[in-house]
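In: for reference, the sequence and a predicted model appear below.
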Amino acid sequence: MVREILKLGNPQLYEISEEITKDDLGFLPEWVEDLHDTLMDYSKKYGAGRAVAAPQIGIKKRLLYMLTDKPYIFVNPVMSFPDDERYMLKDDCMSFPGLIVKVERYKRADILYLDENFSPQKMHLEGDLSELLQHEYDHLDGILATMRAVDNKSFYLEHMKRDL
């Protein structure tokens, strides 16, 4: 089911999400379906969107959904960074369409997580996928890209994108 995406300023977006327990497993297929449907609806409307975090649709659980070459479900992810190399980029968010924020992110990341069967998985990410999952992972901790802005002049309206 397509769910409403919480928008910038909604206090729920700033809350820390709870871990998914084995007791929650019965809800997982419905949550994943809602994340998928909401992402597809957003993509159809805005022509963008590759991932969404459960808190963005009001589910306060540590759950991420990414659709690239195939769907990926990240239950209780834990992210780490193998080195300190970073880069600047223009970040956008489904919770504030039309607003671009200049942020700094790690070039590489590792993510440990459980899949939809609660089996442990690990993924190494580089470049845009590293940035994408850092952005989504932040949502689990109540952090929005606006809070990671490089400075107070790092905000742009989409029609005003500038090169970094």
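Out: Sure thing, it's come through.
In: what distance do you get for the residue most central in space within the chain to residue 39?
Out: In the chain, the centroid-proximal residue (CA atoms, centre = their mean) is residue 136; its distance is 1.7 Å. According to CB to CB, to the nearest Å, residue 136 and residue 39 sit 11 Å apart. All C-beta spots, glycine's among them, are computed from the backbone N, C-alpha and C.
In: tell me who's in contact with residue 59.
Out: For residue 59, the contact set (CB atoms under 8 Å, 6 or more residues apart in numbering) comprises 31, 34.
In: got it, and residue 124?
Out: Going by CB under 8 Å, 6+ apart, residue 124 touches 82, 108-110.
In: ok so it is a strand residue?
Out: Yes - assigned with DSSP: H, G, I helix; E, B strand; the rest coil, residue 124 falls within a strand.
In: numbering from 773 from now on, please.
Out: Will do, 773 is the new start, and the previous item becomes residue 896.
In: tell me the helix or strand right after the biggest helix by length in the chain.
Out: If you go by DSSP state H, the chain has its longest helix at helix 800-818. Remark: after helix 800-818, the chain's next helix or strand is strand 823-825, criterion DSSP states H and E.
In: give me the residues contacting the following helix or strand past that next one.
Out: Per DSSP H and E, the first helix or strand lying C-terminal to strand 823-825 is strand 835-839. With contact meaning CB under 8 Å, 6+ apart, strand 835-839 is reached by 789, 792, 800, 803-804, 807-808, 811, 822-826, 843-849, 885, 904-905, 908-909, 912.
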